[in-house]
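Visitor: The following comprises the amino acid sequence and a computationally predicted model.
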Amino acid sequence: MSPFIVMSLLFGLTFGQTASLCAPSEYIIHVEKRECAYCLAINTTICAGFCMTRDSNGKKLLLKSALSQNVCTYKEMLYQTALIPGCPHHTIPYYSYPVAVSCKCGKCNTDYSDCVHEKVRTNYCTKPQKLCNM
């Protein structure tokens, strides 16, 4: 192997974390309540992308600091609230949701992130849709 390829590979492994593609990404959340007449489509941002991960198959041979299973998660976020249209008076018509301001590669925090990727698609409307641009 040429020295250039070896150095490029070492550079990529060493600084790959800083070059990860984890950033705020546009996303549409569909929100509806059983009592309300409409489904609300909310434009927001979430953290999405690639984070450098190291395989733990050699965990007996490597230092613990050399192993990482990082995910793209929130570095900074804020919450916004939307009004779901067509709700009767006895129903609370508000829905609060997170907006990613900045993202980072790090350990998944289950306090504010869903750390499991599910294959079932649940982000859709069953009622007529209204768009909310926040």
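Guide: Structure received. Residues are numbered from 1 along each chain as shown.
Visitor: rest of the way, CA atoms for contacts and neighbours
Guide: Noted.
Visitor: What residues sit buried inside stretch 100-116?
Guide: If you call a residue buried by 16 or more other CA atoms under 10 Å, then stretch 100-116 has these buried ones: 100-106, 108.
Visitor: Any idea what residue 98 is bridged to?
Guide: Listed by DSSP bridges, the beta-bridge partners for residue 98 are residue 79.
Visitor: Output the contacting helices and strands for the one helix or strand residue 25 maps to.
Guide: In this assignment (DSSP states H and E), residue 25 forms part of strand 21-32. Contact here means 3 or more CA pairs under 8 Å, 6 or more residues apart in numbering; DSSP states H and E; on that basis strand 21-32 packs against strand 39-50, strand 71-83, strand 94-106.
Visitor: Next, the buried residues of it.
Guide: For strand 21-32, the buried set under the neighbour-count rule, 16+ other CA under 10 Å, comprises 21-25, 28-32.
Visitor: contacting residues around residue 25?
Guide: Residues near residue 25 by CA atoms under 8 Å, 6 or more residues apart in numbering: 45-48.
Visitor: By neighbours, which of these wins?
Guide: With neighbours set by other CA atoms under 10 Å, the maximum within the contacts of residue 25 is found at residue 47, which has 24 neighbours.
Visitor: who are the neighbours in contact with that residue?
Guide: Counting by CA under 8 Å, 6+ apart, residue 47 touches 22-25, 72-74, 100, 102-103.
Visitor: run the last query once more with 10 Å
Guide: Taking CA atoms under 10 Å, 6 or more residues apart in numbering as the contact definition, residue 47 lies against 22-27, 71-75, 77, 99-105, 113.
Visitor: Appreciated, that's everything.
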